[in-house]
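K.L.:
what's the 3D shape of this:
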Amino acid sequence: MFNRAIPPITKNLLIINGLFFIATLFFDYQLHIDLAKYLGLHYWASPDFNPYQFITSMFMHGSLGHILFNMFGLWMFGSTIEGYWGPKRYLSYYIITGIGAGFIWLLTIYVQVQILLPQMTPEMIAYVKNDGFEAWANHQNFTEPLMGSLNSLYNSTVVGASGAIFGLLLAFSMMFPDAQLMLIFPPIPIKGKYIAIVALVLGYIFDFQGHTAHSAHIGGMLFGIIMILFWKKKGTFYNPQ
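P.N.:
Residues are numbered from 1 along each chain as shown. So this is what the prediction gives:
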């Protein structure tokens, strides 16, 4: 079921993610530059936002545990899927689900912003827009709860390959529903058709600090199922060639 040899696209994705992580550490500890400021995906109202971040944020990770977890999923599930789909379809699926994850995350932030705005005066909103970015850059925020919440949303940043990885989990669930897997934690057996939803639920359960962008995980799965249903309608899901 699982490929022992790592196919080329998966191998290159692993290498690129590793290089980005090494560069992040080097820039942080040696040059005191936070690469996430430039390469992480920011909300579109932030001065730090750039469209290229939809791509670069997919290769950025916030911690060693973050990248190890994502790269394990990429190796374990991506290698198998690439072997069945071939490099072209596999790479397009990976990139589109990753971009889709970022789009859904931005949409979630937008909805939260729209919920906050009617509760605030025009003066409060203007103050956040004019002075909030500089305060955030200096690791400060407004003490007024609504202003602080709005400022944190405006200056939110997301990094990681998780959206694309959850897209791969969804594809695996649909391609290999009866595959027998073993979760690492908790160590219990599970069928392939449940792996995506179980990973999503466990992500919520073990997000003790509330720093995980769960909407991005859902976004990767959502765009994944849209692509898969399109391929199924064309009759090319299992035969991409």
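
K.L.:
CA only for contacts and neighbour counts going forward, please
P.N.:
OK.

K.L.:
Doesn't residue 47 belong to a strand?
P.N.:
No - assessed with DSSP: H, G, I helix; E, B strand; the rest coil, residue 47 is coil; it does not lie in a strand.

K.L.:
tell me the contacts of it?
P.N.:
residue 133 (CA atoms under 8 Å, 6 or more residues apart in numbering).

K.L.:
for the one 3 residues further on, same thing?
P.N.:
Under the criterion of CA under 8 Å, 6+ apart, the neighbours of residue 50 are 41-42, 44.

K.L.:
For stretch 79-87, which residues meet the burial criterion?
P.N.:
79-83, 85-87 (16 or more other CA atoms under 10 Å).

K.L.:
Same check on stretch 41-60?
P.N.:
By neighbour count on 16+ other CA under 10 Å, the buried set for stretch 41-60 is 41-44, 46, 48-49, 53-60.

K.L.:
of the residues you listed, closest to residue 15?
P.N.:
Using CA to CA, residue 59 comes nearest to residue 15 of those, at 10.0 Å.

K.L.:
Quickly note the distance from that closest one to residue 200.
P.N.:
Here the criterion is CA to CA, to the nearest Å. By it, residue 59 lies 20 Å from residue 200.

K.L.:
For residue 113, which non-adjacent residue is spatially closest?
P.N.:
residue 150 (6.5 Å; CA to CA, 6 or more residues apart in numbering).

K.L.:
State the mean pLDDT of stretch 44-57.
P.N.:
What stretch 44-57 shows for mean pLDDT is 95.

K.L.:
biggest helix in this structure by residues?
P.N.:
helix 87-116 (DSSP state H).

K.L.:
buried ones in that helix?
P.N.:
87, 90-91, 93-110, 113.

K.L.:
pretty sure residue 95 contacts residue 162?
P.N.:
No - the pair residue 95 / residue 162 is not scored as a contact, 11.7 Å apart, by CA atoms under 8 Å.

K.L.:
Count the residues that sit near residue 148.
P.N.:
Neighbour count of residue 148, defined by other CA atoms under 10 Å: 17.
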